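[1] Take this sequence and fold it.
(2 chains, ligands or ions: 2)
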Amino acid sequence: MQALSRHITRARLFWVGLFAVTWALSQYSFQIYKALDARWIIRFPSQYQLNTDTVISGFLDWLVNAANFGLFTFRDLTRAIAWVIEQPYQFLRNLLIEGFQSGIGDTAVQVAPSLSWIAVIAIAVAIGHYARDWALAALVGACFLYLAVFGQWDSAMITLASVLVAVPIGAVGGLGLGILAYRSAWVDRMLRPVLDLMQTVPVFAYLVPILILFGFGPVAALVATVIYAMPPMIRVTIVALRGVPEELLEAGRMMGATQRQMTWKVLVPAATPTLMVGVNQVIMLTLNMVIIASMIGAGGLGFDVLASLRKLDIGGGIEAGLAIVVMAIALDRASQAFSERRMQHPRTGTLMQRHPWTTTVVVIVLGTFLLGQVLPAVQSYPDDWKISTGRFWSDGMEWINVNFFDTLEAIKTVLLTTLLLPVKKFFSGIPWAWGIIATGLIAWRVAGWKLGVAAALMMGFIAASGLWGKAMVTLYLCGVSVFIAVLIGTPLGIWAAQKPGAGRVILGLMDTLQTLPSFVYLIPVVMLFRVGDFSAMIAVVLYALAPAVRYAAHGIREVPPQLLEAGKMAGCTPRQLLWRVKLPLATPQLLLGVNQTIMLALSMLVITALVGTRDLGQEVYIALTKANAGQGIVAGLSVAFIAIIADRIVHALSDTQKKRLGL
Amino acid sequence: MDKSVILDCRHVWKLYGTGADALLAQGRVPDAAALAQANVIGAVRDANVQILQGEIFVIMGLSGSGKSTLVRCLSRLVEPTSGEIEFDGRDLLRASDAELIEIRRKKMGMVFQQFALMPHLTVLENVAFPLEIQGVERAARLARAKTVIDLVGLEGREGCYPRELSGGQQQRVGIARSLIVEPDLWFLDEPFSALDPLIRREMQDEFLRLQNMLKKTIVFITHDFDEAIRLADRIAVMKDGVIEQIATPEDLVQNPATDYVADFTKHVARAKVIRAKSRMEPATSDSFAGEVAHNATIESIADQVERADAPFKVMQDGKVIGQITARAVIDVLVGRG
Ligand SMILES: Nc1ncnc2c1ncn2[C@@H]1O[C@H](COP(=O)(O)OP(=O)(O)OP(=O)(O)O)[C@@H](O)[C@H]1O
Ligand SMILES: [Mg+2]
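    Ligands and ions are numbered 1, 2, ... in the order given. Reported below is the predicted structural model:
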């Protein structure tokens, strides 16, 4: 007992001591530097700075301009890839928006028009009904109708075309790699670290090299999108295949199935429900990335948002943003329904009876095609029927700004002065050398010396790349945002777990929040608070809130009922039950929620660079605008390193906690 | 017995754990202590089994005793660490992948504890699945599947998905699927353990009915001794990976080879196992009340023999080979001798 209490005080001593030293150094680093006249204390000496970025840029230059594999050059390779992606993309664009032409330029003649808006909506409704029921069909149909009525049709169809090209590539590619990794331990070992890194490297970072390799335009955007959306599919595939019951595999082998038959007749069909969850993820990530990739020429709704934000066209931004939301909801609900869909009994009867939807859709497509020749309104939604909400939103925003400007400003100022600025000062003051040591010590203390060394090395890389200052801004913004998100999210989660009614509403809301592309969060924030750290923080909190809520709710719900009964029998009040039984037992889950929140916050921070933060995200963004691949990758790696260190530390905390609770 | 051996398994070992190969390479037979010391699990230890043409061979033992592992060695679903297995005169362990696929497609069938049905296929498609794997054309395989489905009494259910069936029905599908290729050797790994007792009983009857028709060679796993004695021609009792004894149910009860087997069989209703022949005496009486078959269980004849005033004739191949008295029957029923 005594040993235990001694142990606890020692642990506390370590943390208090570490914090005190860090605080003191942070507070007085400037004075120390002046007193010792040692500038290296606050700035990494430039003569030792790593030149990783120029090496990477040089390598990419070489790849693009000189690399030759004998039969073909690297440039040929990228051109070939571009060509393969371009074909289906152009076909879908023709099908959905532009119509099919023969010939080029002025001599082009329209061969066939694009699908009419009515036909597209009919297809959406058919898919909704096929996937689940009339309610879903109505929802999906209404979403698409919204896009037509509110004048977002063309942009939405461009976005949809990108999604429709990227999703099959991402899903099939992910499935293939997943199967390989399942079959061969060697591939699995190779893929794992790559997947881990991919999950943490911010998306902008690989936009830059892709931009250099594929040039500005939709193809580059599609390549980036596929790379971004594929890793989760690989993971889900591996998990899904491993989850196929052993007996089913034995049954297959006992029937004398060959390798290939095992894969395609047993493994994949049996794993399909789980695989569809992966496809849903691919779709949502694809949408998210297609929106972001409008920066490198994907066009579509994302481009509209970006353009409006740049012009400070509030109404236009909100309109396009809402269209993204609507589209995200439609895609998410439909693909989720597909993953829950079970095999149905085939229908019998005439062609019409057996395939009611296919025949209806074909009839509508042909019918609107013919009618469209005489009635333009059938072909494309007429302009005079469009409703623009732009004015409404601008006015609304203006009204809010007029009436609540002072309140909003007050909130902003209070939070800035009491929370953001002090924390920023603390982090920015930490001398880089001590920062490296402190990170190493924390990691060592929590997860052992291996992580300690690795963490110190990673922080050393950041410092040596001349990014220490920006990394500290990232840390501070991330820290504050996560703190607030957890502060709001955990009680919400607990509430959701305690009250089933409230739970449904809250968790449903979180589900929707999570399906929205990260870009969308910027819109209201910028309108209300303009650019700066505060806006960035709000956007990050909104984006990263969901996991904090979900894991808290999950953790509380998973507390074993017999422990609750034991607590009740011991005479706990509901309050005591929560504080003494549920919360302690839920801490591992809460920590995992914090971890997810941190990961999401970091990925969102890079996007908030668009609203003018001066962190690593900005560094990546600058690299993107300058097309400097080395700079972008180094900054991206720095973000990834921070994410990896945080991830490992929080996981270790969660594990020790689990062990302590004997879970 | 002049039945031929269809599957012959000699000195088969299956060890799990990293030190397994090194341990066997030492040459001498490792005992439990040596295994534990090397941190190796002896799932099957030195198993010697001969399966005879047309018999029902039951492997029984408690959970974790190595039954499933042994059967998976026999079908080479798991690779034995060492030993020899001869199937139909061929060395199974040296069969190439292609040969193995051929053997499994044509000669072996297996029924699984958790049914192992393909969730995305209907009953009809599930049963036809082995033929699909063999590349049999659709119409032909579905027609064949239809007849097997009728055989197991599932007619009318062809279009259902496994999730729409009860456990018993699902296992009928599993049985039909394993029978469609008309295997020579039929493995059943605890086929009825996931079913509740009433259904289990019904499925056992069904199984015996099928076997009477088909006369397969069967290796049947169970941990339920009552099930074993109902079905078995011979029983192998396993404990911690070792086969303790192989014998007929009657022998097992009357002459247990080890304390473990004795313990195991102690609580068995002996009247269900012991047959008339082993409790008969020379036919000395002048009057008989009737006759019974030599292989009738005491349980099945107890009522009539006990009620009669005179002993019963014990018949084998139409000849009287002895007599059985009410006294002998009562001795068995109350557990004397
Ligand atoms: N893949 C494996 N790796 C390690 N040990 C295994 C493996 N498979 C089985 N074992 C071990 O081998 C022993 C025998 O297992 P087996 O499944 O054959 O038992 P069983 O008699 O079929 O039990 P049950 O009645 O529960 O099915 C067990 O101790 C088990 O833990
Ligand atoms: Mg078993």
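
[2] so what's residue A:495 closest to, chain neighbours aside?
    residue A:502 (5.7 Å; Cβ to Cβ, 6 or more residues apart in numbering or on different chains). All C-beta atoms are positioned from the backbone trio N, CA, C, and that covers glycine.

[3] List, one by one, the residues from chain B near chain A.
    B:72, B:75, B:77, B:100-106, B:108-110, B:112-116, B:118-121, B:129-130, B:132-134, B:159, B:161, B:163, B:178, B:181, B:187 (Cβ under 8 Å from any Cβ of the partner chain).

[4] among those, which are in strands?
    Taking DSSP state E, the ones among these that sit in strands are B:108-110, B:187.

[5] Pick the one among these closest to residue A:405.
    residue B:110 (75.7 Å; Cβ to Cβ).

[6] I figured residue A:88 hits residue A:165, correct?
    Yes: counting by Cβ atoms under 8 Å, residue A:88 touches residue A:165, with 5.2 Å between them.

[7] Take the ones in strands among the residues of chain B next to chain A and lay them out in JSON lines including distance to ligand 1 and neighbour count.
    Compiled in JSON lines, those are given as follows (distance: Cβ to the nearest ligand atom, whole Å; neighbours: other Cβ atoms under 10 Å in any protein chain shown):
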{"residue": "B:108", "distance to ligand 1": "18", "neighbour count": "24"}
{"residue": "B:109", "distance to ligand 1": "19", "neighbour count": "26"}
{"residue": "B:110", "distance to ligand 1": "14", "neighbour count": "27"}
{"residue": "B:187", "distance to ligand 1": "12", "neighbour count": "24"}
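
[8] Quick check: which ranges of the stretch 1-150 of chain A have low pLDDT?
    For the stretch 1-150 of chain A, applying pLDDT under 70 flags the ranges A:1-8, A:103, A:105-106.

[9] tell me which of the ones in strands among the residues of chain B next to chain A is nearest to residue A:512?
    residue B:110 (47.7 Å).

[10] Now do the contacts for the closest one.
    With contact taken as Cβ atoms under 8 Å, 6 or more residues apart in numbering or on different chains, residue B:110 is in contact with A:250-251, A:254, B:75, B:178, B:186-189.

[11] Could you count how many residues lie near residue 312?
    In the absence of a named chain, chain A is used. 11 (other Cβ atoms under 10 Å in any protein chain shown).

[12] if you could check chain B rather than the one you did, that'd help
    26.

[13] Now do the phi/psi pair for it.
    phi -100, psi 150 (degrees, to the nearest 10).

[14] What of residue A:582?
    phi -70, psi -50.

[15] Strands of the chain, start to end?
    You didn't say which chain, so I picked chain A. Assigned strands in chain A, in chain order: A:100-102, A:109-112 (criterion: DSSP E).

[16] nope, chain B
    B:5-16, B:41-52, B:56-61, B:82-87, B:90-91, B:108-111, B:185-189, B:217-222, B:234-239, B:242-247, B:290-293, B:312-316, B:319-324.

[17] which residues are in contact with the fourth one?
    Strand B:82-87 is contacted by residues B:6-13, B:24, B:47, B:73-74, B:76, B:91-93, B:103, B:107, B:185 when judged by Cβ under 8 Å, 6+ apart.

[18] Export stretch B:101-108 to CSV, keeping only CA atoms.
    What follows is stretch B:101-108, C-alpha atoms only, in CSV (Å, rounded to 0.1, in the frame of the first residue of the first chain):
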residue,chain,number,x,y,z
ILE,B,101,-8.5,-30.9,-54.5
GLU,B,102,-9.5,-33.9,-56.6
ILE,B,103,-9.9,-36.2,-53.6
ARG,B,104,-11.9,-33.7,-51.7
ARG,B,105,-14.1,-33.0,-54.7
LYS,B,106,-15.0,-36.6,-55.3
LYS,B,107,-14.3,-38.7,-52.2
MET,B,108,-14.8,-36.6,-49.0
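
[19] so how far is stretch B:273-281 off the chain centroid?
    23 Å (Cα atoms, centre = their mean, to the nearest Å).

[20] any idea how far residue B:272 is from the nearest residue to residue A:557 once chain neighbours are set aside?
    Excluding the flanking residues, the one nearest residue A:557 by Cβ to Cβ, 6+ apart is residue A:497, at 4.9 Å. Remark: distance between residue A:497 and residue B:272 (Cβ to Cβ, to the nearest Å) = 54 Å.

[21] Those two: which has the busier surroundings?
    Higher neighbour count among residue A:497 and residue B:272: residue A:497, with 24 against 16, using other Cβ under 10 Å.

[22] Run through the residues that contact the more buried one.
    If you count contacts by Cβ under 8 Å, 6+ apart, residue A:497 has them with A:503, A:552-557.

[23] How about the stretch 101-250 of chain B: which residue is closest to ligand 1?
    residue B:223 (5.1 Å; Cβ to the nearest ligand atom).

[24] Neighbours of that residue, how many?
    By other Cβ under 10 Å, 17 other residues sit near residue B:223.

[25] Please verify my assumption that residue B:328 contacts residue B:275.
    No: using Cβ under 8 Å, residue B:328 makes no contact with residue B:275, being 11.7 Å away.

[26] Setting aside sequence neighbours, what's the nearest residue to residue B:19?
    residue B:38 (4.2 Å).

[27] tell me, what residue is most central in chain A?
    Nearest to the mean C-alpha position of chain A, by Cα atoms, centre = their mean, lies residue A:285 at 6.2 Å.

[28] How about the contacts made by that one?
    A:170, A:228-229, A:232.

[29] which of these tops the neighbour count?
    Greatest neighbour count in these, by other Cβ under 10 Å, goes to residue A:170: 30 neighbours.
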